[in-house]
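Peer 1: got a predicted model here, sequence first, then my questions.
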Amino acid sequence: MSSTGLEGHGVIVTGAGSGIGRATALALAREGARVLVADLDRDGAEKVVAAIGTQGGTARAVVGDLGDQRVVDEVVATAVEEFGGLDVLVNNAGIMDRFSAVADTDDAEWDRVLRVNLTAPFMLTRAALPHMLAAGRGSIVFTASEASLRGSTAGAAYTAAKHGVVGLVKSLAVMYRDQGIRANAIAPGGTATAIRVDARPGAHGPAVIGAHAATVGRIATAEEQAAAILFLASEAASNVNGVILPVDNGWSAV
């Protein structure tokens, strides 16, 4: 029997084909959860499903762009049909911006980053909530960022999106706590993942952000971030709601 209370629970993890999402999907599966692996990368998603199967777990993959309502509906419907319900949603998928300052952020960069990092999690949460409300319980965990706590770690688009995630978490916590729904987020600091910043050489934003790089401290592993997500998703955090948990080796304290 899992000490986290997650055994047999239906779980969705987005961005689960690599990095923090992959580590989270594997960690949840080890606790006996049944995991819907959602990712844009088919190969990555299928490898995670196979890895979960190898360790004796249950997983399914849905591949597609979570900014598309049809994909969102497929993800939720598949989890509910395959697992008999939806208990946990981990809104982890995200992309970086180019560290662009406001004056240098074009519409394409702004729209793409906001769509992936804020609009897609909103859409998926909206689709998942009716199932959680019908069951009278649910845990929703978001991957926010150090950039949701300060203005010196990313560009305008990413910073605005992650601050938006924090607002969404807090709104959910207030609106649905009496219906058994919890919403929390981790705020990762520097973490070893495949995400890279395609900064424009000589641009104002990267030059400013670079001046703050020395305060980052030790780079975390994806598994360290996953451990925090697992806690927030689990019964161990049954009275934790509306929290933004920095997982940053004290970076936010500097």
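Peer 2: The structure has been received and is ready for your questions.
Peer 1: which residues does Asn92 contact?
Peer 2: Counting by Cβ atoms under 8 Å, 6 or more residues apart in numbering, Asn92 makes contact with 13-16, 20-21, 24, 142-143, 229. The way it works is simple: take the backbone N, C-alpha and C, and place the C-beta from them, glycine included.
Peer 1: could those residues go into a markdown table alongside secondary structure, distance to Pro130 and neighbour count?
Peer 2: Below are the contacts of Asn92 laid out as a markdown table (DSSP: H, G, I helix; E, B strand; the rest coil; distance: Cβ to Cβ, whole Å; neighbours: other Cβ atoms under 10 Å):
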| residue | secondary structure | distance to Pro130 | neighbour count |
| --- | --- | --- | --- |
| Val13 | strand | 20 | 34 |
| Thr14 | strand | 18 | 29 |
| Gly15 | coil | 23 | 30 |
| Ala16 | coil | 22 | 33 |
| Ile20 | helix | 27 | 31 |
| Gly21 | helix | 24 | 30 |
| Thr24 | helix | 24 | 30 |
| Phe142 | strand | 19 | 30 |
| Thr143 | strand | 23 | 29 |
| Ile229 | helix | 23 | 28 |
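Peer 1: report the two of the residues you listed separated the most.
Peer 2: Greatest spatial distance among these (Cβ to Cβ): Ala16 and Phe142, at 14.2 Å.
Peer 1: before we move on, back to that, from the contacts of Asn92, pick the one nearest Arg70.
Peer 2: Looking across these and measuring by Cβ to Cβ, the closest to Arg70 is Thr14, at 15.4 Å.
Peer 1: could you name the helices and strands sitting against the helix or strand hosting Val72?
Peer 2: Using DSSP states H and E, Val72 falls within helix 69-83. Contacts defined by 3 or more Cβ pairs under 8 Å, 6 or more residues apart in numbering; DSSP states H and E place helix 69-83 against strand 10-14, strand 34-39, strand 58-63, helix 120-135.
Peer 1: find the centremost residue of the chain, please.
Peer 2: The residue lying closest to the centre of the chain (Cα atoms, centre = their mean) is Asn92, at 1.6 Å.
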